[in-house]
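In: give the three-dimensional model of this entry:
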Amino acid sequence: MKVISEITGLEYNPNNVVRILNTQQIAMYLKHGAKLIDLYASVKKDGTPVLVCIFNREDTKELYELWCKRELK
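Out: Predicted coordinates for the structure are as follows:
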C-alpha cells in the first residue's frame, strides 16, 4: 500500500519509513541532508500533541547509527 503525503506530495510505502518525534533528532537528520517525506500531527498516549516526521528508513540508516552513538553533530 502506498501513501501520498499531503505536505510534500511524495509517495511512500509506510513499511519502508521511520517515524521520528524527537525534535533534536529531526533537526540533525535535516541538517545532514535527510529528505523529509511526510509530516503529520498526532497525540501521545498522555494526550500531549506532537509532530511526527517521516523519513526513508534505508536512506537514514547511517544517520540513525550515528545518532545512537551520540556522534551526530
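In: neighbours around residue 19, how many?
Out: 12 (other Cβ atoms under 10 Å). Yep, even glycine has a C-beta here, placed from its N, CA and C like the rest.
In: distance check, it against residue 73.
Out: According to Cβ to Cβ, to the nearest Å, residue 19 and residue 73 sit 23 Å apart.
In: again, but for residue 14
Out: Taken as Cβ to Cβ, the span from residue 14 to residue 73 is 30 Å.
In: tell me which of these two has more neighbours.
Out: residue 14 (11 against 7).
In: pull the contacting residues for the more buried one.
Out: 1, 3 (Cβ atoms under 8 Å, 6 or more residues apart in numbering).
In: so what's the residue most central in space within the chain closest to, chain neighbours aside?
Out: Nearest residue to the geometric centre of the chain (Cα atoms, centre = their mean): residue 54, 3.2 Å. Nearest in space to residue 54, with sequence neighbours left out and distances taken as Cβ to Cβ, 6 or more residues apart in numbering, is residue 38 at 4.1 Å.
In: and the strands in this structure?
Out: For the chain, the strands defined by DSSP state E cover 3-4, 11-12, 17-20, 36-43, 49-56.
In: including mean pLDDT, could those strands go into a markdown table?
Out: As requested, the strands of the chain are arranged in a markdown table below (pLDDT from 0 to 100):
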| stretch | mean pLDDT |
| --- | --- |
| strand 3-4 | 96 |
| strand 11-12 | 97 |
| strand 17-20 | 98 |
| strand 36-43 | 97 |
| strand 49-56 | 97 |
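In: can you redo those strands as a markdown table with distance to residue 69?
Out: Compiled in a markdown table, the strands of the chain are given as follows (distance: least, Cβ to Cβ, whole Å):
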| stretch | distance to residue 69 |
| --- | --- |
| strand 3-4 | 31 |
| strand 11-12 | 27 |
| strand 17-20 | 17 |
| strand 36-43 | 23 |
| strand 49-56 | 18 |
